[in-house]
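Chemist: What follows is a predicted structure for the sequence shown.
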Amino acid sequence: MTASLHVVDHALLSHRLAELRDVATPSPRFRRLLAEIGAMLTVEATRGLPSVTAKVTTPLTTMDHRRLAGPEPVLVAVLRAGLGLLEGAMQILPDAPVGHVGLMRDEHTLQPSQYLLRMPPEVTTRGAILYDPMLATGGSAIAAISRVKESGAPVVRFVCVVAAPEGVAKLREAHPDVPIYTAALDVKLNERGFIVPGLGDAGDRCFGTEG
Ligand SMILES: O=P(O)(O)OC[C@H]1O[C@H](OP(=O)(O)OP(=O)(O)O)[C@H](O)[C@@H]1O
Ligand SMILES: O=c1cc[nH]c(=O)[nH]1
Ligand SMILES: [Mg+2]
């Protein structure tokens with residue numbers, strides 16, 4: 001099995017991503033854009049959620065209509081930058097419980113270290129959608145997905161904004177059952193493990209911190 005890779009192609013998404021990448025975009029606008037992109041990618045990532053046909057009575061008649069078969073999946077943000085995407089995801093799935101995985105990548109070794117894990121109990125029955133804007137070496141995504149699976153999630157989807165080919169390959173190898181949804185597949189990683197062309201450090205740009 002190979003994880004499916006969905007590079008979501010939409011004029012409005014691409015328009016926002018152009019502004020997100022722009023070095024001149026300030027933090028408040030960066031956060032707003034991440035939230036909007038998070039909402040759009042959530043629509044795509046939930047396209048295949050199981051549905052059932054149910055009766056709906058309109059003011060004029062009764063009809064058969066498609067509705068979600070079950071409760072909304074758990075949304076999991078990878079801190080910090082995933083919080084920006086989560087904001088928009090919660091608009092689309094307002095009843096979804098929310099989990100957090102705190103990870104920080106060492107700038108020299110590029111290995112992620114975990115500083116937080118909080119998962120709602122519903123993850124064992126509903127499955128999860130994980131949010132992190134950047135898929136670079138793949139180390140953080142692989143670790144975050146492992147934590148969510150260990151918490152009992154039967155189904156996991158991964159949503160990012162910019163993916164490097166190196167990270168996609170490693171993630172697919174480590175978690176072949178996890179579909180990847182991204183707004184862009186970029187060219188490469190540089191010698192410091194940053195995605196090129198990329199958008200820089202998403203967490204720092206989101207929250208106005210220095211690298
Ligand atoms: O694919 P990888 O090589 O693991 O890199 C990607 C990770 O790097 C960034 O987080 P960072 O560690 O900078 O934390 P932050 O969100 O708090 O800035 C990003 O949000 C990912 O979690
Ligand atoms: O380009 C990158 C790589 C890792 N993390 C980021 O925030 N940006
Ligand atoms: Mg960062």
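Modeler: Done, it's in. Ligands and ions are numbered 1, 2, ... in the order given.

Chemist: Distance of whichever residue of the chain sits closest to ligand 3 relative to Met134?
Modeler: Nearest residue of the chain to ligand 3: Gly203, at 3.3 Å (C-beta to the ion). The C-beta positions use only the backbone N, C-alpha and C, and glycine is treated the same way. According to C-beta to C-beta, to the nearest Å, Gly203 stands 9 Å off from Met134.

Chemist: likewise Pro120?
Modeler: Look at Pro120 and Met134: by C-beta to C-beta, they are 24 Å apart.

Chemist: Settle it for me: which of Gly203 and Met134 has more neighbours?
Modeler: Applying other C-beta atoms under 10 Å to Gly203 and Met134 shows that Met134 carries more neighbours, namely 27 against 21.

Chemist: can you list the residues that contact the helix with the most length in the chain?
Modeler: Counting residues, the longest helix in the chain under DSSP state H turns out to be helix 27-45. With C-beta atoms under 8 Å, 6 or more residues apart in numbering as the test, helix 27-45 has contacts from 6, 8, 10, 12-13, 16-17, 19-20, 25, 81, 84-89, 91-93, 129, 131, 133, 157, 159, 161, 179, 181-183, 202, 205-208.

Chemist: In strands, which of those appear?
Modeler: Applying DSSP state E to the contacts of helix 27-45, the entries found in strands are 6, 129, 131, 157, 159, 181-182.

Chemist: tell me the pLDDT at the spatially most distant residue from the centre of the chain?
Modeler: Here the chain reaches farthest from its C-alpha mean at Leu60, the gap being 40.1 Å by C-alpha atoms, centre = their mean. Note for Leu60: predicted pLDDT of 98.

Chemist: Over to Tyr131?
Modeler: For Tyr131, pLDDT reads 98.

Chemist: Tell me the bridge partners for it.
Modeler: Here Tyr131 shows beta-bridge partners Ala77, Val159, assigned using DSSP bridges.

Chemist: And it, how close does it get to Leu34?
Modeler: Tyr131 sits 10 Å away from Leu34, going by C-beta to C-beta.

Chemist: Then Val161?
Modeler: From Val161 across to Leu34, the span is 7 Å (C-beta to C-beta).

Chemist: Neighbour count for these two, which is higher?
Modeler: Of the pair Val161 and Leu34, Val161 is the one with more neighbours under other C-beta under 10 Å, namely 30 against 27.

Chemist: Surely the more buried one touches Pro133?
Modeler: Yes: counting by C-beta atoms under 8 Å, Val161 does reach Pro133; the two are 4.1 Å apart.

Chemist: Need the residues touching each of the two.
Modeler: In terms of C-beta under 8 Å, 6+ apart, Val161 and Pro133 are both contacted by the residues 34, 85, 199, 202.

Chemist: Could you pull up the residues touching the closest residue to ligand 1 within the chain?
Modeler: Per C-beta to the nearest ligand atom, Gly203 is where the chain lies closest to ligand 1, at 2.1 Å. Residues near Gly203 by C-beta under 8 Å, 6+ apart: 80-81, 209.

Chemist: Inside helices: which ones of these?
Modeler: Reading helices off the contacts of Gly203, I find no matches (DSSP H).
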